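> Next input, structure requested:
(one chain, ligands or ions: 3)
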Amino acid sequence: MKHRFMLVIFFLVFVALIQLAATPASQATNDYLIAFTSAVDIDFLDIERGGIFVMRPDGTGIRQLTSFQTLNYDFEPHGLNLPDDHPAFSPDGSKIVFTSNRHDRNNWDIYTMDVNGSNLVRLTFTAGLDTEPVFSPDGSHIAFASERSGNLDIWVMEADGSNPIRLTISPFEDIEPAYSPDGSQIAFSRVLGNHEKDVFVIGSSGSNERRVTDVAGEDHDPTFSPDGTQLVITSERAGTNPFGDVFKIRLSDGASLGNLTSGLNNGGGDPAWSPDGSKVAFFRSSTAILASPQQLWVMSSNGSNRQRTEPAAALPAPPAKPLTRATCQLSPTWAAQKPTTSLATA
Ligand SMILES: [Ca+2]
Ligand SMILES: [Ca+2]
Ligand SMILES: [Ca+2]
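Ligands and ions are numbered 1, 2, ... in the order given. Predicted coordinates:
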């Protein structure tokens, strides 16, 4: 997840990291779960508003799993980390992996919890940032970005936190890992300079690193198509403010297969492909200004039928004060399958 654009949080922060559980295109089942991080701080005297939430796709059944002080965030040139951030479902939907600085506000580490918020387990114990964790498709491993070796690289560990292995060895910041559907590859973003990122891919055991995009500006936030041959990314190649657009590219050579948010005011970013391939979730800035609140949108994977799908019920009551400054990070991903734990039993 994700993210070059963070500004200072003053008294209002709206942040959502959204995970939409897989929903069959023809069946709007309501027993999937959405997990997301929200850091809405409508009152700076009440700084415990943020947290990881789960809810049903229609916004009902909202439960707050964690809470944090929304001002206790970290802003680095490559992105933002909230006190609890980047939740991602396990493949069976029973667990959520996320990053947190709950033990030390200057040190993020990887944790898992059950989808009801219980059974918290800390998986990493290293200095510095450990973030953006994602389960492998078989649930056996977790890929994440870690700066334990000096700057951010892509690492993989077993799902219990054991046997961490460094995959990328570069002087650049390597972030935003995403597993291919067969688990054999991990796409990631490399921060090559100021306002310069490109997408790379590496074998999930660390071999055969390869550059996928080589385009001026930021190409990042890769996630795979269900067949593993394409990626959706955030790209600035169309020049759309403030973050660029959602582009579909071919994994083999990085060729553009289209701007999926062409013509959409303020473009879109942080795309994520649904497991059935029919939809792409993305964020859209509410204005062309970097610090604007973000909205979650879902479109067909050909870029048509773009619709805002706000988790409105997840957010506190409308702000009593005008929104003066806001920043947001919103990185939708889709769980691989319907969670096995329902809210009724969570
Ligand atoms: Ca750490
Ligand atoms: Ca590196
Ligand atoms: Ca680039």
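> thought Val215 was touching Gly239?
No - applying C-beta atoms under 8 Å as the test, Val215 and Gly239 come out as separate, 11.7 Å apart. Where C-beta positions appear, they are placed from N, C-alpha and C, glycine not excepted.
> Among those two, which residue is more densely surrounded?
Val215 (18 against 9; other C-beta atoms under 10 Å).
> Would you mind listing what in the stretch 101-250 of the chain touches ligand 1?
107, 109, 126, 130 (C-beta under 5 Å from the ion).
> In strands, which of those fall?
When DSSP state E is applied, these are split such that 109, 130 fall in strands.
> Just give me the closest of the residues of the stretch 101-250 of the chain next to ligand 1 to Pro164.
Thr126 (8.4 Å; C-beta to C-beta).
> close enough to count as contact, that closest one and Asp104?
No - counting by C-beta under 8 Å, Thr126 stays clear of Asp104, with 11.2 Å between them.
> Figure out the helix or strand that whatever residue of the chain ends up closest to ligand 3 lives in.
Closest contact between the chain and ligand 3, by C-beta to the ion, is at Asp198 (4.1 Å). Here Asp198 sits within strand 196-203, counting by DSSP states H and E.
> How about that strand, which residues are buried there?
Across strand 196-203, burial judged by 16 or more other C-beta atoms under 10 Å covers 196-202.
> With stretch 256-265 instead?
Buried residues in stretch 256-265 (16+ other C-beta under 10 Å): 259-261, 264.
> How about stretch 232-246?
Quick answer for stretch 232-246 (16+ other C-beta under 10 Å): 232-237, 240, 242-246.
> Straight-line length of that stretch, end to end?
7 Å (C-alpha to C-alpha, to the nearest Å).
> circling back: same for the strand holding Asp198, what does it pack against?
Packing partners of strand 196-203 (3 or more C-beta pairs under 8 Å, 6 or more residues apart in numbering; DSSP states H and E): strand 185-193, strand 210-211, strand 219-224.
> State the mean pLDDT of it.
Mean pLDDT, computed over strand 196-203, is 98.
> Can you pull out the low-pLDDT segments for the stretch 1-150 of the chain?
Judged by pLDDT under 70, the stretch 1-150 of the chain has its weakly predicted residues at 1-34, 39-49, 55-62, 70-72, 74-80.
> Sorry, slip of the keys, the one I care about is the stretch 201-346 of the chain.
Applying pLDDT under 70 to the stretch 201-346 of the chain picks out residues 275, 291-294, 310-346.
> how about a cut-off of 50?
Scanning the stretch 201-346 of the chain with the threshold set as pLDDT under 50 gives 312-346.
> The residue of the chain closest to ligand 3: what's it in contact with?
Counting by C-beta atoms under 8 Å, 6 or more residues apart in numbering, Asp198 touches 189-190, 192, 211-215, 219-220.
> again, only using 10 Å
172, 189-192, 211-220, 233, 235, 254 (C-beta atoms under 10 Å, 6 or more residues apart in numbering).
> One more: Arg306?
246, 260-261, 263-264, 268, 280, 282, 284, 297-300.
> at 7 Å instead, please
264, 297, 299 (C-beta atoms under 7 Å, 6 or more residues apart in numbering).
> Narrow the residues you listed to those in strands?
297, 299.
> ok, the contacts of Arg306 vs Gly50, which is closest?
Out of those, the member with the shortest distance to Gly50 (by C-beta to C-beta) is Trp297, at 22.1 Å.
> And for the closest one, the neighbour number?
For Trp297, using other C-beta under 10 Å, the count is 22.
> packing partners for the helix or strand hosting Val97?
When elements are assigned from DSSP H and E, Val97 belongs to strand 95-100. Packed against strand 95-100 by the contact rule (3 or more C-beta pairs under 7 Å, 6 or more residues apart in numbering; DSSP states H and E) you find strand 84-89, strand 109-114, strand 130-135.
> Check Trp155 and give its pLDDT.
For Trp155, pLDDT reads 98.
> Please save the CA atoms from stretch 158-178 in CSV.
Extracted in CSV, the C-alpha atoms of stretch 158-178 (Å, rounded to 0.1, in the frame of the first residue of the first chain):
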residue,chain,number,x,y,z
GLU,A,158,6.6,-18.5,7.5
ALA,A,159,3.1,-17.7,8.7
ASP,A,160,4.1,-18.2,12.3
GLY,A,161,6.9,-15.6,11.9
SER,A,162,9.8,-18.1,11.7
ASN,A,163,12.5,-18.3,9.1
PRO,A,164,12.5,-14.8,7.6
ILE,A,165,14.2,-14.7,4.3
ARG,A,166,15.3,-11.5,2.5
LEU,A,167,14.3,-11.6,-1.1
THR,A,168,15.4,-8.2,-2.5
ILE,A,169,18.9,-6.8,-2.0
SER,A,170,18.9,-3.3,-3.3
PRO,A,171,19.9,0.1,-2.1
PHE,A,172,16.4,1.3,-3.0
GLU,A,173,13.2,1.0,-0.9
ASP,A,174,11.3,-2.1,-2.0
ILE,A,175,7.7,-2.0,-0.9
GLU,A,176,4.1,-3.2,-1.6
PRO,A,177,4.6,-7.0,-2.1
ALA,A,178,1.8,-8.9,-3.9
